[in-house]
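> Sequence and predicted structure below; questions after.
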Amino acid sequence: MENWIDVETFDIKKFAESLVKDCQEGVKWERRRLEWILEEERKQADHRSEAA
């Protein structure tokens, strides 16, 4: 199995920091998506209660 990483020039700290940044961004969007879902559910519940 070949290793495609140039060990001498690879900056592991920079790579780890980019992983952290990407993960934080993913969590932020997942939270926002869940907030949208909850908001839509609240709107539908309000419409159901008004119709009753």
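The structure has been received and is ready for your questions. Because the structure is predicted, anything quoted here is derived from the model rather than measured. Residues are numbered from 1 along each chain as shown.

> okay, and for the protein, where does confidence drop off?
1, 3, 52 (pLDDT under 70).

> Now with 80, please.
Applying pLDDT under 80 to the chain flags residues 1-3, 51-52.

> mind listing the strands for it?
With DSSP state E, there are no strands along the chain.

> Roughly how far does the residue most central in space within the chain sit from Arg42?
Geometric centre of the chain, nearest residue: Gly26, 1.9 Å, by CA atoms, centre = their mean. Distance from Gly26 to Arg42, counting by CB to CB, to the nearest Å: 25 Å. To be clear about C-beta, it is placed using only N, CA and C from the backbone, and glycine gets the same treatment.

> Distance check, Val20 against Gly26.
Distance, Val20 to Gly26, using CB to CB: 11 Å.

> which stretches of this protein form helices?
12-51 (DSSP state H).

> quick one: Gly26 from Asp6, how far?
Per CB to CB, Gly26 is found 28 Å from Asp6.

> Repeat that for Lys14.
Where Asp6 is concerned, Lys14 sits at a distance of 13 Å (CB to CB).

> next one: Ile12
In terms of CB to CB, Ile12 sits 12 Å off from Asp6.

> again, but for Gln24
Taking CB to CB, one finds Gln24 at 27 Å from Asp6.

> So which of these two has more stuff around it?
For Gln24 versus Asp6, neighbours defined as other CB atoms under 10 Å are more numerous around Gln24 (10 against 7).

> okay, now Ile12: neighbour count?
Ile12: 9 neighbours (other CB under 10 Å).

> check contacts around Val27.
For Val27, no contacting residues are found, by CB atoms under 8 Å, 6 or more residues apart in numbering.

> do you know how far it is from Trp36?
15 Å.

> And for Ile5?
Taking CB to CB, one finds Ile5 at 39 Å from Trp36.

> do the same with Ser49
Ser49 is 21 Å from Trp36, by CB to CB.

> same question, Ser18
The spacing between Ser18 and Trp36, counted by CB to CB, is 27 Å.

> next one: Lys21
23 Å.

> Then Glu8?
For Glu8 relative to Trp36 (CB to CB), the value is 46 Å.
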